[in-house]
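Trainee: Whatever this is, show me its structure:
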Amino acid sequence: MTPIRMAQYATKHGHATGKLLSMLTNPDVEVVGVYEPDPEQRARMQATGSLLRNVHWFEDKAEMLDDPSIVAIASEGLNSESLEQTAEIVAAGKHVWYDKPAGQDWPRWQAVMADAQAQKLYVQMGYMLRYHNGFRRIANWAKSGLLGDIFSVRAHMSTWISEAQREVISEHKAGIFYDLAGHMLDQVVWLLGRPTRTTGFFHNHAGIVPAFADNTLGVLEYDKAIAFVDIAAMEPRPMARRFEVYGSKGSAILLEPFEPGHAIRLCLEEADGGYRQGEQRIPISAQSRQELYDRELEAFVAVLSGKQQPDRPTSHELLVQETLLRTTGHIS
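Mentor: Have a look, this model is predicted:
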């Protein structure tokens with residue numbers, strides 16, 4: 001097919017370089033250029049290597065937003081700036097590959113998505129673990145009934161970040177939870193839907209950047225289930241990220257570290273679905289972070305070209321952000 005012409009708006013998001021690399025290496029995408037509103041950031045990015053030095057840099061965002069040949073734009077600004085940048089992209093009539101999370105302003109995010117729907121534009125959030133072989137396998141098991149009625153989900157996705165990174169994120173209530181939890185909430189609400197109640201615990205325990213919540217927990221309550229999402233910012237590397245789903249007929253645990261991911265511990269009360277009774281380890285094909293970005297983009301392009309329906313509906317993209325903002329106290 002004719003390559004889809006894409007651009008990138010901003011470069012300060014932690015996934016920005018990886019997303020650009022995915023676009024540059026995808027044969028169905030033609031990268032027209034990148035716009036970075038901060039000239040100092042642009043200079044830093046251009047100095048990082050040949051990948052970014054050889055990309056065309058727009059002098060003004062209007063070159064990108066007003067170009068009718070550009071079909072879609074990757075939104076890769078800081079968490080504090082990306083929602084307004086995404087609003088500009090949608091207002092310009094372009095599809096958006098939007099990196100998480102979708103801002104702190106819930107009414108604004110709803111309005112942006114309503115505008116996108118009115119224009120028949122596609123907004124795909126950058127939750128790359130949707131395309132992780134292990135998470136997909138567990139979701140399929142849960143939705144097929146193999147695990148029975150799900151009563152508990154536990155998600156651990158801690159990290160280690162520098163003092164400078166903590167300073168940047170500290171402007172957001174709930175700190176590291178606001179920054180990272182969307183990845184896990186994306187999985188939880190896909191399995192369980194909208195929680196009836198959310199509660200957050202956000203503390204600074206490392207003593208670095210006191211305004212930054214670095215040891216956090218979100219609890220999501222359902223009529224017949226409960227989910228726990230814990231995220232800290234000072235876990236020794238390599239981090240031991242883990243995802244667990246428990247049901248009345250069995251459990252599935254994506255063993256740490258789930259990036260890149262190698263195996264799932266499946267335990268069943270009775271043999272079912274081609275799996276035996278009891279405990280077994282199911283191997284999965286490991287994927288690098290870059291491979292996950294590539295799969296995200298492949299799905300995005302496939303939707304734009306009419307080859308597939310979105311992997312997540314608009315209602316889900318809204319629900320993930322609403323759940324994040326409810327848990328972090330940005331909305332009641």
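Trainee: Can you list the buried residues in stretch 323-332?
Mentor: For stretch 323-332, burial by neighbour count (16 or more other CB atoms under 10 Å) applies to Thr323, Leu324, Leu325, Arg326, Thr327, Thr328, His330. In short, each C-beta sits where N, CA and C put it, glycine included.
Trainee: Which strand or helix spans the first one?
Mentor: The one in question is Thr323. Thr323 is part of helix 314-328 when elements are defined by DSSP states H and E.
Trainee: I'd assumed Thr48 was in contact with Leu20.
Mentor: No: Leu20 lies out of contact with Thr48 (CB atoms under 8 Å); the separation is 11.1 Å.
Trainee: Between the two, which is the more surrounded one?
Mentor: Leu20 (22 against 11; other CB atoms under 10 Å).
Trainee: distance of that one from Tyr131?
Mentor: 18 Å (CB to CB, to the nearest Å).
Trainee: Quick check: chain neighbours aside, which residue is closest to the residue most central in space within the chain?
Mentor: What sits nearest the mean C-alpha location of the chain, by CA atoms, centre = their mean, is Tyr127, with 2.2 Å. Of all residues not flanking Tyr127 in the chain, Asp186 sits nearest, at 4.3 Å (CB to CB, 6 or more residues apart in numbering).
Trainee: Next, count neighbours for that neighbour.
Mentor: So Asp186, with other CB under 10 Å, has 24 neighbours.
Trainee: Now do the same for it: helix, strand or coil?
Mentor: Following DSSP: H, G, I helix; E, B strand; the rest coil, Asp186 is assigned to helix.
Trainee: how about it, what does it touch?
Mentor: Residues in contact with Asp186, defined by CB atoms under 8 Å, 6 or more residues apart in numbering, are Met125, Tyr127, Leu129, Arg130, Val320.
Trainee: Can you tell me which of these is nearest Ile231?
Mentor: Using CB to CB, Leu129 comes nearest to Ile231 of these, at 13.7 Å.
Trainee: residues in contact with that closest one?
Mentor: Applying CB under 8 Å, 6+ apart to Leu129 gives the contacts Phe135, His183, Asp186, Gln187, Phe258, Leu292.
Trainee: Surely it forms part of a helix?
Mentor: Yes: counting by three-state DSSP, Leu129 is part of a helix.
Trainee: Next one: it relative to Gly207, how far apart?
Mentor: 31 Å.
Trainee: ok, now Arg242?
Mentor: Arg242 is 26 Å from Gly207, by CB to CB.
Trainee: higher neighbour count, the two?
Mentor: With neighbours defined as other CB under 10 Å, Arg242 and Gly207 compare such that Arg242 has more, 16 against 8.
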